[in-house]
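Trainee: Generate a structure from the sequence data that follows.
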Amino acid sequence: MSSIAYLSALELAQKIKQKQISSVELTQHYIDRIEKYDDAINAVVVRTFEDALERAATADAVLSAGSANLGPLHGVPMTIKESYVMANTPTTWGIKGFEGNVSKTDGLAVQRFRQHGAHFLGKTNVPVELADFQSYNPIYGTTGNPFDTTRTPGGSSGGSAAALAAGFTGLEAGSDIGGSIRNPAHFCGVFGHKPTYGIVPLKGHELVPNMPDVDLAVSGPLARSAEDLELALSIMAGPPEREALGWQLALPRADKTNLKDFRVAIWATDEIAPVSSEIADRAVMVGQTLSKLGATVSDTARPNIDLMAAQANYQTLLNSVMTAGMSADAVIAAQKVADQFAPDDYSMEAVDARSLVLSHRDWMRNNITREQTRHAWSAFFDEWDILICPQMATTAFPHDHSAMSGRTLKVDNEDQSYFQQIFWAGMVVNAYLPSTVFPTGLSRDGLPIGLQAVSAPYRDYRTIEFARLMSREIGGFVAPSNYD
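Mentor: I've put the predicted structure just below:
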């Protein structure tokens, strides 16, 4: 029966509705798998098994009563990233001081999944403040990659991707400001979608209630199939109650349903952030596959952007978000560091230092620069439907809990700054673009490799459909071998 754990959420829902398996049986099966295998992985760190079984029994009773009003996820058990608010569970973001931050009510995303028939087995692990490519914290400990538990599953939605890859859940939801949905999807061999900025409310993904949505950050789904991503996005997207009084979301459906009709640019690597030859080769392979199918493919098409300036712009706006909660003493110390750099010093060290103490005036100026970049991307996507590029420089790397400022990564035996690879995630985030990471198979050492499919703003269903079609050509999710 273990194979059923790896079915897509849509397939699981269909089996429940056809009474091939009950929701209680499926929920218990996932619970058994978590209890058997998760000690080694540590993905599902908050467990709501009793509540899940009660809700599964209710789902079965509703189905037996012959109700015609069943949601598309009726009876499907899922998990969700720890950073989301769910009744009677802690939402800590891995911060020790928030260990007692337990809500009495469900947040918006949890409500929406429940309204569409799903119920929750628990919540999955994150790094402290959701601010790392790894997932470990002083409350819940370290999450391992199901393909090799000595390696990271990614971050900050690392527990989400690990739970999917290990067959602990039917569906997941994460969040992304610097690749936090996409790098775990790449590391764990699953699908992940970073939506266009603003289409999925962050309400209910928060430490403190009633916070405004912050710049750059998005919430979005992870899954074992592109079809599940499409469904989950349709559930998560759309304005919250207050805004819904005045506007509704109308995302365009996928406008191409055959790979030969796509115009695709391949960006396999870049001197700003070189990726391993194996990952670059995988991007080239995707381009070759598309060419053979009759698609229009270019390996030289690029947006008309000063890439170094765009990266500095993203780094400035990102740090402005990530350091918004600094204490007054920390701000004073950061200002002293920033003052050491000359005004015309645009090294990454200087950019980082100034961004920590950015004035609102300078934020506005950086926002204007960002808007010019967004226009350049829009012009690029007038000519091209999809951009294929890496998500990270390497496959999943070994756990590294040393001081973050001193970390490096080996990229084809060359040391690279730990955060240099955020280039690939950041250019998409800063321009508010949608991106779907899709699996392309395993590396020579048996670790997953995923790539990004990026498109124009609000073309979310285009990138998801492209990922679905590509998975039919080159294969989709492949389960790790040691969780039968």
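Trainee: in the stretch 101-250 of the chain, which ranges drop under the pLDDT threshold?
Mentor: Within the stretch 101-250 of the chain, no range satisfies pLDDT under 70.
Trainee: now the helices: where do they sit in it?
Mentor: 108-115, 158-165, 182-188, 226-236, 241-244 (DSSP state H, counting those that start in this stretch).
Trainee: got those as TSV, with distance to residue 474 and mean neighbour count columns?
Mentor: Any C-beta I mention is one placed from the backbone N, CA and C, and that applies to glycine too. Below are the helices of the stretch 101-250 of the chain laid out as TSV (distance: least, CB to CB, whole Å; neighbours: other CB atoms under 10 Å):
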stretch	distance to residue 474	mean neighbour count
helix 108-115	30	21
helix 158-165	18	35
helix 182-188	15	34
helix 226-236	13	24
helix 241-244	39	11
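Trainee: Looking at the ones you listed, spot the one closest to residue 272.
Mentor: helix 182-188 (17.5 Å; CB to CB).
Trainee: okay, that closest one in CSV with CA atoms only?
Mentor: Only the C-alpha atoms of helix 182-188 are listed here, as CSV (Å, rounded to 0.1, in the frame of the first residue of the first chain):
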residue,chain,number,x,y,z
ARG,A,182,11.7,26.7,-5.1
ASN,A,183,15.0,25.6,-3.6
PRO,A,184,13.4,22.9,-1.4
ALA,A,185,11.4,21.7,-4.5
HIS,A,186,14.7,21.5,-6.4
PHE,A,187,16.6,19.7,-3.6
CYS,A,188,13.8,17.2,-2.9
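Trainee: From the chain's centre, how far out is it? Work that out for me.
Mentor: Distance of helix 182-188 from the chain centroid (CA atoms, centre = their mean, to the nearest Å) equals 8 Å.
Trainee: on contacts alone, who are the packing partners of that helix?
Mentor: With contacts taken as 3 or more CB pairs under 8 Å, 6 or more residues apart in numbering; DSSP states H and E, helix 182-188 sits against helix 158-165, strand 191-194, strand 435-442, strand 448-454.
Trainee: quick one: the residue nearest the centre of the chain from residue 150, how far?
Mentor: Note on the chain: the residue nearest the mean C-alpha position is residue 181, at 1.1 Å, using CA atoms, centre = their mean. Distance, residue 181 to residue 150, by CB to CB, to the nearest Å: 23 Å.
Trainee: Residue 355 too?
Mentor: 34 Å.
Trainee: higher neighbour count, these two?
Mentor: Per other CB atoms under 10 Å, whichever of residue 355 and residue 150 has more neighbours is residue 355, with 24 against 10.
Trainee: Identify the residues contacting the more buried one.
Mentor: By CB atoms under 8 Å, 6 or more residues apart in numbering, the contact set of residue 355 is 315-320, 323.
Trainee: Ok, residue 319 next?
Mentor: Per CB under 8 Å, 6+ apart, neighbours of residue 319: 352, 355-356, 358.
Trainee: Nearest to residue 403 among those residues?
Mentor: Scanning those for proximity to residue 403, where the rule is CB to CB, the winner is residue 352, at 15.5 Å.
Trainee: follow-up on the earlier one: deepest of the helices and strands packed on helix 182-188, which one?
Mentor: Of the helices and strands packed on helix 182-188, the one with the most neighbours on average (mean count of other CB atoms under 10 Å) is helix 158-165, at a mean of 35.
Trainee: Distance from that helix to the middle of the chain?
Mentor: 11 Å.
Trainee: Next, the angle strand 448-454 makes with that helix.
Mentor: 110 degrees (axes from the mean of the first three to the mean of the last three CA atoms, to 10 degrees).
Trainee: Just confirm residue 253 is within a strand.
Mentor: No: read with DSSP: H, G, I helix; E, B strand; the rest coil, residue 253 is coil and lies in no strand.
Trainee: Excluding chain neighbours, what is closest to it?
Mentor: Among residues not flanking residue 253 along the chain, residue 461 sits closest, at 5.4 Å (CB to CB, 6 or more residues apart in numbering).
Trainee: Residue 266: what's it in contact with?
Mentor: 283-284, 286-287, 297-299, 388-389.
Trainee: Assess the claim that residue 179 and residue 424 are in contact.
Mentor: Yes: shown here, residue 179 and residue 424 form a contact pair, counting by CB atoms under 8 Å, at 7.4 Å.
Trainee: following the one helix or strand residue 416 maps to, which helix or strand comes up?
Mentor: Following DSSP states H and E, one finds residue 416 within strand 414-417. Going down the chain from strand 414-417, the next helix or strand is helix 422-430, by DSSP H and E.
Trainee: From the contact counts, what lies against that next one?
Mentor: helix 307-322, strand 448-454.
Trainee: With distance to residue 72 as extra columns, can I get the helices of the stretch 101-250 of the chain in TSV?
Mentor: As requested, the helices of the stretch 101-250 of the chain are exported to TSV (distance: least, CB to CB, whole Å):
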stretch	distance to residue 72
helix 108-115	11
helix 158-165	18
helix 182-188	22
helix 226-236	6
helix 241-244	21
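Trainee: Residue 429: which of those helices is closest?
Mentor: That would be helix 182-188 among those, by CB to CB, at 9.6 Å.
Trainee: thinking again about what came up before, how close does the residue nearest to the centre of the chain sit to residue 173?
Mentor: 9 Å.
Trainee: Give the intersection of the neighbour lists for these two.
Mentor: 160, 220, 222.
Trainee: mind listing what residue 96 touches?
Mentor: 137-139.
Trainee: try 7 Å
Mentor: 138-139 (CB atoms under 7 Å, 6 or more residues apart in numbering).
Trainee: if we can go back for a sec, closest one to residue 310 out of the shared contacts of residue 181 and residue 173, please.
Mentor: For these, the nearest to residue 310 is residue 220 (22.4 Å; CB to CB).
Trainee: Please verify my assumption that that closest one contacts residue 195.
Mentor: Yes: counting by CB atoms under 7 Å, residue 195 is a contact partner of residue 220 at 4.7 Å.
Trainee: so what sits against both of those two?
Mentor: In terms of CB under 7 Å, 6+ apart, residue 220 and residue 195 are both contacted by the residues residue 233.
Trainee: okay, how far is it across stretch 133-150, tip to tip?
Mentor: Stretch 133-150 has an end-to-end distance of 15 Å (CA to CA, to the nearest Å).
Trainee: If you count neighbours, what's buried in it?
Mentor: 133-137, 139-140, 142-149 (16 or more other CB atoms under 10 Å).
Trainee: re earlier: can you tell me which of the shared contacts of residue 181 and residue 173 lies closest to residue 372?
Mentor: residue 220 (26.0 Å).
Trainee: Next up, the contacts around the closest one.
Mentor: 174, 176, 181, 193-195, 200, 233, 236.
Trainee: Just give me the closest of the residues you listed to residue 39.
Mentor: residue 174 (22.7 Å).
Trainee: Chain neighbours aside, what residue packs nearest to that closest one?
Mentor: In space, residue 174 is closest to residue 157, 2.9 Å off (CB to CB, 6+ apart).
Trainee: same thing with residue 304?
Mentor: residue 376 (5.1 Å).
Trainee: Next, the contact list for that neighbour, please.
Mentor: Per CB under 7 Å, 6+ apart, neighbours of residue 376: 303-305.
Trainee: any idea of the mean pLDDT for the longest helix along the chain?
Mentor: Taking DSSP state H as the criterion, the chain has its longest helix at helix 360-383. In this model, helix 360-383 carries a mean pLDDT of 97.
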